[in-house]
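J.: Fold the following.
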Amino acid sequence: MITNFFIRELNNHDVKELWFQQDGATCHTARVTIDLLKDTFGDRLISRFGPVNWPPKSCDLTPLDYFLWGYVKSLVYADKPQTLDHLEDNIRHVIADIRPQMLEKVIENWTSRLDYIRASRGSPIPEIIFKM
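T.: Predicted coordinates:
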């Protein structure tokens, strides 16, 4: 997927300053994968074994993990798409409909999470519900 779709798609856009972050799953950190991503992103790769290490507790910190994927998934599958084209259309529409005000709330929530981690000096996060 990285070589056949992702890199090709990136080449269609101006992404010279884009950072790439992925989790530390073993399949994502294979040497060949990391080398390919380093060739593409250079020092702008956040990953286990990458130039910038995957941060601890990142699933609690990364807005993509604690907000975006669940939000998008809930709306994309609401009408039970039956074809790949329908699924892709739903994804495009849901992403296009995300408003700046929503993202501002997500960033406020994110900074609260960072403040909590900083104050607790990296200790485990109890079950906390951050409001949208």
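
J.: Show the contacting residues for W19.
T.: Neighbouring residues of W19 by CB atoms under 8 Å, 6 or more residues apart in numbering: F41, R44, L45, I46. All C-beta spots, glycine's among them, are computed from the backbone N, C-alpha and C.

J.: rerun at 10 Å
T.: Applying CB atoms under 10 Å, 6 or more residues apart in numbering to W19 gives the contacts F41, D43, R44, L45, I46, V52.

J.: pLDDT and distance to D115 added to the residues you listed, as JSON lines?
T.: Shown next, in JSON lines, are the contacts of W19 (pLDDT from 0 to 100; distance: CB to CB, whole Å):
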{"residue": "F41", "pLDDT": "89", "distance to D115": "28"}
{"residue": "D43", "pLDDT": "90", "distance to D115": "27"}
{"residue": "R44", "pLDDT": "88", "distance to D115": "25"}
{"residue": "L45", "pLDDT": "88", "distance to D115": "26"}
{"residue": "I46", "pLDDT": "84", "distance to D115": "21"}
{"residue": "V52", "pLDDT": "83", "distance to D115": "21"}
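
J.: Mind checking which of the residues you listed land in strands?
T.: Of the contacts of W19, the ones assigned to strands by DSSP state E are L45, I46.

J.: so where is this protein shaky, pLDDT-wise?
T.: Along the chain, the parts satisfying pLDDT under 70 run over 24, 55-61, 121-132.

J.: residue ranges of the helices in it, please?
T.: 7-10, 31-41, 58-61, 63, 69-76, 84-96, 100-119 (DSSP state H).

J.: nearest to D23, of those helices?
T.: The minimum distance between D23 and the helices of the chain falls on helix 58-61, with 7.3 Å, by CB to CB.

J.: Quick check: the residue at the greatest distance from the centre of the chain vs N109, distance?
T.: Of all residues in the chain, Q82 has its C-alpha farthest from the mean position, at 25.4 Å, by CA atoms, centre = their mean. Distance from Q82 to N109, counting by CB to CB, to the nearest Å: 34 Å.

J.: And for T29?
T.: Using CB to CB, one obtains 28 Å as the distance from T29 to N109.

J.: Same check on Q21?
T.: Noted for Q21: a distance of 18 Å to N109, by CB to CB.
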